[in-house]
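Participant: everything below, folded, please.
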Amino acid sequence: MSCILLEWLKEWQFWIALISIGGGVFSIFKYFDGKKVKQQQQDFENYHKLIERINRSTDLSPISLQVQQAAIFELRYYKRYKSLTIKLLEFWRKDERYSDLVDAANDTLEHLE
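Facilitator: Residues are numbered from 1 along each chain as shown. Now for the predicted structure:
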């Protein structure tokens, strides 16, 4: 019985190895795909937190202004949202409520374009 099994394994060893390698490659692909999806979700959440920080800070304290300027600066690192960022920055430049942020918006627009 064991002799038959050994012969069968010898005949099919190439296909067994190929299937094993294929399973390993598939597992690696799924791992990195899952990591990519998680990173995209994290980027989405972080980008929207930055937008909230810029819009929400309505008091005129120096700390609030610095937080808004830093958030505008950080927007340049989200290339996936470049077109939306440009539209938002152009809007903020024209809106009087964001007049203290015009320089930061201009710098970020210049970097993006």
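Participant: Lys82: which element?
Facilitator: helix 82-94 (DSSP states H and E).
Participant: the nearest residue to Ile16 once chain neighbours are set aside and Ser2: what is the separation?
Facilitator: Leaving out its chain neighbours, the residue that sits closest to Ile16 by CB to CB, 6 or more residues apart in numbering is Leu9, at 7.3 Å. Heads up, the C-betas are built off the backbone N, CA and C, glycines and all. According to CB to CB, to the nearest Å, Leu9 and Ser2 sit 10 Å apart.
Participant: taking helix 82-94 as reference, get the angle to the host helix or strand of the residue nearest to Ile16.
Facilitator: Element membership of Leu9, judged by DSSP H and E, is helix 2-56. Angle, helix 2-56 to helix 82-94, by axes from the mean of the first three to the mean of the last three CA atoms, to 10 degrees: 10 degrees.
Participant: what packs against helix 2-56?
Facilitator: helix 62-74 (3 or more CB pairs under 8 Å, 6 or more residues apart in numbering; DSSP states H and E).
Participant: which phi and psi does Asp95 have?
Facilitator: Asp95 has phi and psi values of phi -80, psi 130 when expressed as degrees, to the nearest 10.
Participant: ok, it to Ala105 distance?
Facilitator: 10 Å.
Participant: who's more crowded, these two?
Facilitator: Neighbour totals were compared for Asp95 and Ala105, and Ala105 leads with 23 against 11 (other CB atoms under 10 Å).
Participant: quick check: which element contains that one?
Facilitator: helix 102-112.
Participant: please identify the buried residues of that helix?
Facilitator: Neighbour-count burial for helix 102-112, counted by 16 or more other CB atoms under 10 Å, picks out 104-105, 108-109.
Participant: CSV please, covering those and showing pLDDT.
Facilitator: Formatted as CSV, the buried residues of helix 102-112 follow (pLDDT from 0 to 100):
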residue, pLDDT
Ala104, 84
Ala105, 83
Thr108, 84
Leu109, 83
